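A.B. asks: Build me a model:
(chains A and B)
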Amino acid sequence: RKEVEQDPGPFNVPEGATVAFNCTYSNSASQSFFWYRQDCRKEPKLLMSVYSSGNEDGRFTAQLNRASQYISLLIRDSKLSDSATYLCVFDTGRRALTFGSGTRLQVQP
Amino acid sequence: GAGVSQSPSNKVTEKGKDVELRCDPISGHTALYWYRQSLGQGLEFLIYFQGNSAPDKSGLPSDRFSAERTGGSVSTLTIQRTQQEDSAVYLCASSPMTGSGNTIYFGEGSWLTVV
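C.D. replies: Below you'll find the model as predicted:
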């Protein structure tokens, strides 16, 4: 089983739609979780951390389910500028961050 | 500088030649990471440094790849006898320290093309 699994997409959604991505991880020792955003031909940038109790940042909501070993990202009221690849990331505390291969989102007018 | 700086930003090299990629992390960051990303693929971990030592070299794909870091700052990733499959963007990142919960900050990458 891969360390991290993400649906590669692409997810094609209209502006204003709500879209959600899941990411499963296999290492139960994972301690910290993040969502990074990567624009085409750019470096990844931190979007938000994922906390056990779930957390929200504007239109973005992240959740963690340790029992089922997945994290999720919900984007409400999608904007054209949300078009990017979203990478789930986790940290076992023993080495560098492990990145998923990303889910591509395309928001259409 | 304010962010992670990498050079060269683009490099085209002939198969069999050696290349050196440089990373200048954010000032004060003790942890430094190298990742590789092939076109349309996810990030592949190569190596990380805590200070000048490399606790984890497990991601280096072959003995043609090596990296060093001196003075707890600048790092160089060297690829010897480059092959076409080495073509990728090489991303360097840094963080204040290793350990759970630390955000890492990426440079813009060095785009390597082996012809």
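A.B. asks: And the residue of chain B that's closest to chain A?
C.D. replies: In chain B, no residue comes nearer to chain A than B:Gly42, which is 3.1 Å away by CB to the nearest CB. For every residue, glycine as well, the C-beta is placed using N, CA and C.
A.B. asks: Give the full set of residues in contact with residue 107.
C.D. replies: No chain specified, so I'll use chain A. The contact partners of A:Val107, by CB atoms under 8 Å, 6 or more residues apart in numbering or on different chains, come to A:Val13, A:Pro14, A:Glu15, A:Ala17, A:Ser78, A:Lys79, A:Leu80, A:Ser81, A:Asp82, A:Ser83.
A.B. asks: hm, I was asking about chain B
C.D. replies: B:Gly107 makes contact with A:Glu43, B:Gly3, B:Val4, B:Ser5, B:Gln6, B:Cys23, B:Leu91, B:Cys92, B:Ala93, according to CB under 8 Å, 6+ apart.
A.B. asks: In JSON lines, list those residues along with neighbour count, secondary structure and distance to A:Ser101.
C.D. replies: JSON lines is the format used below for the contacts of B:Gly107 (neighbours: other CB atoms under 10 Å in any protein chain shown; DSSP: H, G, I helix; E, B strand; the rest coil; distance: CB to CB, whole Å):
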{"residue": "A:Glu43", "neighbour count": "22", "secondary structure": "coil", "distance to A:Ser101": "16"}
{"residue": "B:Gly3", "neighbour count": "14", "secondary structure": "coil", "distance to A:Ser101": "25"}
{"residue": "B:Val4", "neighbour count": "23", "secondary structure": "coil", "distance to A:Ser101": "22"}
{"residue": "B:Ser5", "neighbour count": "16", "secondary structure": "strand", "distance to A:Ser101": "26"}
{"residue": "B:Gln6", "neighbour count": "25", "secondary structure": "strand", "distance to A:Ser101": "22"}
{"residue": "B:Cys23", "neighbour count": "27", "secondary structure": "strand", "distance to A:Ser101": "23"}
{"residue": "B:Leu91", "neighbour count": "23", "secondary structure": "strand", "distance to A:Ser101": "14"}
{"residue": "B:Cys92", "neighbour count": "28", "secondary structure": "strand", "distance to A:Ser101": "20"}
{"residue": "B:Ala93", "neighbour count": "26", "secondary structure": "strand", "distance to A:Ser101": "17"}
